[in-house]
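Q: Let's see this in three dimensions:
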Amino acid sequence: MIFERYILRNYIGPFVFSMAVITFVFIMDFILRYIDLFLGKGVKFHIVLQAFALSLGHMFALIIPMAVLPATLMTYGNLTSENEITAMRACGYSTYRMIVPGVVAGTLMALGLVFYNNHVLPESNHRLMNLLIDIQRKQPTMELNPNRFIDDVQGYTLYFQEKNDRTGEIADVQIFKRAENGGLPTTIVAETGRLKMLEDQNVLQVDLNNGEIHELPVAEDRGTYRKTTFKEYTLNIKDVDRTLQRSEREYRGDREMSVRMMQDKIQEIRTDLALSRQEVIRLAKDAVDETFSLLHRDSRHKKWSSSQPDTSSAAAFNQRQPQTRIIARPGQGTRAGVPLATRGEFLARQRIETEIGKRESFEKQIRRYQVEIQKKYSIPFACIIFVLVGAPLAIRMGRSGMNMTIGLSILFFLVYYVGLIGGEKLADRGFVNPFLAMWAPNLIFGGLSIYLLRKAAREQAVADWTWLSVLRSLFRRHATANSR
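A: Below you'll find the predicted structure:
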């Protein structure tokens, strides 16, 4: 037990360091992604902190598996460089025994992530999405700067040449009040003024001095014009609400649901899918029955007689009875030799095509939920896979191959997540089974880990680099020949 505790104690430092570095990268990505939204909407600092805290939910779901691989490489690489791996082997510990503590730690992290992905992550994603939607709905902060037209106020356009930021005094003011009926705006000009924001009433108060008001009272009567001069005039612009209105959204996307929620949703969709399938069968059966009914003489006579003119009277001779409407089959046109369909047949075909489209939509939704369910388990399982891949690499390469090991680990990680994203896209489109798509990277790297473990246990080189030396010598000879 002392042996296992020693290895796990060496794991803590590299894991915390890896978590810190990767978290910093994710934080920078978050800042660059949402900085324009926060600044443009004038979001207060505590709201930004709240959004950042909620965004850590989906970050940690990826950061923890990502931190396992470099932590494993650093831990076993340090043990190898200090010759502690050699000492452990001399004490009778096999390579598999050395990796067991890392596998146990990876398993515990995987189990914790499964619980986290099902209970914590959906709620944090849901609250983050609600907050971002509320921020996007928020009215932008008014930048009351001089020498620019300000259109952020609903129904008004403001312009002034000078402004004292400390007192709010403005000079050479022009205010255009847009007409509701689309007519010419009312123009207010003044020599000086003062801006004051009444936060509790959501009112922008503009006190104007020595100015004029130019307006057309009736938009239809262009001959009517009114000019009003004033020494003091106060304009109150209402509903200048710059506060964030919070709301609760009931709808949840696939990443805002737990496994149980998605399973219940899949069951509902399958019920709708079964109803749609029954509707298609019913429509097709009715169409087939109507077609085969024409095989009977009485049915043909009844159907065709309804479309023939009634010659029993002179009035009927001049006025035909309504005939059965016929239209071209969809996409066929009215060329010679093209079969025609009755209106009932055409409508039945349209309804069948609509139901088939609904079924395809239902199946796509089911696949998306199934992919998300598998993802909640496959990504945590990567903690174990990265330990099994990283430990033998670090043991065999040690200090001399540490740079190459880190490069290979980055390559492995990129390949893993590219495969995960690609598999998700293929599964959503129905090309690959959702289980296979989400677990294929784990299966591939699991097979690679078995190969690396066998090499490390037999103290063999992880890879044969002799071909690299052959290529290097060939290039050296070619360069020597060209220099001559």
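
Q: any low-confidence regions in the protein?
A: 137-143, 152, 181-183, 199-200, 217-223, 239-245, 247, 291-345, 398-406, 459-484 (pLDDT under 70).

Q: which stretches of it form helices?
A: Ranges of helices within the chain are 2-41, 45-81, 84-90, 95-119, 121-137, 259-292, 297-305, 314-318, 343-397, 402-428, 434-457, 466-483, based on DSSP state H.

Q: could those go into CSV alongside distance to residue 225 and mean neighbour count?
A: In short, each C-beta sits where N, CA and C put it, glycine included. Output for the helices of the chain, formatted as CSV (distance: least, CB to CB, whole Å; neighbours: other CB atoms under 10 Å):
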stretch, distance to residue 225, mean neighbour count
helix 2-41, 40, 14
helix 45-81, 48, 20
helix 84-90, 94, 15
helix 95-119, 69, 18
helix 121-137, 40, 17
helix 259-292, 64, 14
helix 297-305, 74, 11
helix 314-318, 68, 9
helix 343-397, 59, 20
helix 402-428, 63, 16
helix 434-457, 71, 18
helix 466-483, 88, 9
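
Q: Tell me which of those lies nearest to residue 210.
A: The closest approach between residue 210 and any of those, judged by CB to CB, belongs to helix 2-41 at 35.6 Å.

Q: Where does the record place the domain boundaries for the protein?
A: For the chain, automatic domain parsing gives the domain ranges 2-135+372-462, 156-237, 264-310+322-366.

Q: JSON lines for those domains, including distance to residue 252?
A: As requested, these are exported to JSON lines (distance: least, CB to CB, whole Å):
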{"stretch": "domain 2-135+372-462", "distance to residue 252": "6"}
{"stretch": "domain 156-237", "distance to residue 252": "32"}
{"stretch": "domain 264-310+322-366", "distance to residue 252": "9"}
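
Q: Tell me which of these sits nearest to residue 254.
A: Proximity to residue 254 (CB to CB) singles out domain 2-135+372-462 among those, at 4.4 Å.

Q: so how far is that closest one off the chain centroid?
A: Distance, stretch centre to chain centre, for domain 2-135+372-462: 21 Å (CA atoms, centre = their mean, to the nearest Å).

Q: just to revisit the earlier point, closest one to residue 257 among the domains of the chain?
A: From the domains of the chain, taking CB to CB, the stretch that ends up closest is domain 2-135+372-462, at 5.5 Å.

Q: can you pull the contacts of the nearest residue to residue 66 once chain neighbours are set aside?
A: Once flanking residues are discounted, residue 66 sits nearest to residue 22: 5.2 Å by CB to CB, 6 or more residues apart in numbering. Counting by CB atoms under 8 Å, 6 or more residues apart in numbering, residue 22 makes contact with 63, 66, 67.

Q: Of the helices of the chain, give the one that comes closest to residue 232.
A: Residue 232 lies closest to helix 2-41 among the helices of the chain, at 34.8 Å (CB to CB).

Q: between that closest one and helix 45-81, how big is the angle?
A: With axes from the mean of the first three to the mean of the last three CA atoms, to 10 degrees defining the directions, helix 2-41 sits at 150 degrees from helix 45-81.

Q: Find the residue at the geometric middle of the chain.
A: By CA atoms, centre = their mean, the chain has its centre lying nearest to residue 255, at 8.8 Å.

Q: re the thing from before, so which of the domains of the chain gets nearest residue 246?
A: Using CB to CB, the nearest of the domains of the chain to residue 246 is domain 2-135+372-462, at 5.6 Å.

Q: and of the domains of the chain, who's closest to residue 249?
A: Residue 249 lies closest to domain 2-135+372-462 among these, at 5.0 Å (CB to CB).

Q: could you check the distance from residue 16 over to residue 10?
A: Going from residue 16 to residue 10 by CB to CB, to the nearest Å gives 12 Å.

Q: For residue 427, list the residues it contacts.
A: So residue 427 contacts 367, 370, 371, 433, 434, 437, 438 (CB under 8 Å, 6+ apart).

Q: Just give the nearest non-adjacent residue to the second one, would you?
A: Nearest-residue entry for residue 370: residue 434, 4.0 Å, with adjacent residues in sequence omitted and distances by CB to CB, 6+ apart.

Q: Relative to residue 236, how far out is the residue nearest to residue 214 when sequence neighbours are not counted?
A: Spatial nearest neighbour of residue 214, chain neighbours left out: residue 187 (4.5 Å); criterion: CB to CB, 6+ apart. With the distance defined as CB to CB, residue 187 ends up 18 Å from residue 236.

Q: who's more crowded, the two?
A: Between residue 187 and residue 236, counting by other CB atoms under 10 Å, residue 187 is the more crowded of the two (16 against 12).

Q: does that one have beta-bridge partners, and which?
A: Following DSSP bridges, residue 187 is listed with bridge partners residue 176, residue 214.

Q: That one reaches residue 175, doesn't it?
A: Yes - Residue 187 lies in contact with residue 175 (CB atoms under 8 Å); the separation is 7.5 Å.

Q: joint contacts of those two?
A: By CB under 8 Å, 6+ apart, residue 187 and residue 175 have no common neighbours.

Q: how close does residue 385 sit to residue 67?
A: Per CB to CB, residue 385 is found 14 Å from residue 67.

Q: Kindly apply the preceding question to residue 392 instead.
A: For residue 392, the distance to residue 67 - CB to CB - is 19 Å.

Q: Then residue 213?
A: Distance from residue 213 to residue 67, by CB to CB: 66 Å.

Q: now swap in residue 230 and tell me
A: 68 Å.

Q: Serialize the helices of the chain to TSV and add fields for distance to residue 193.
A: Output for these, formatted as TSV (distance: least, CB to CB, whole Å):
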stretch	distance to residue 193
helix 2-41	27
helix 45-81	31
helix 84-90	78
helix 95-119	57
helix 121-137	31
helix 259-292	56
helix 297-305	83
helix 314-318	83
helix 343-397	57
helix 402-428	56
helix 434-457	63
helix 466-483	77
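
Q: right, so of those helices, which gets closest to residue 224?
A: Nearest of those to residue 224, taken as CB to CB: helix 121-137 at 40.1 Å.

Q: Show me what that closest one is packed up against.
A: Judged by 3 or more CB pairs under 8 Å, 6 or more residues apart in numbering; DSSP states H and E, helix 121-137 is in contact with helix 2-41, helix 45-81.

Q: Now with 10 Å, please.
A: Contact analysis of helix 121-137 by 3 or more CB pairs under 10 Å, 6 or more residues apart in numbering; DSSP states H and E lists helix 2-41, helix 45-81, helix 95-119, helix 259-292 as its packing neighbours.
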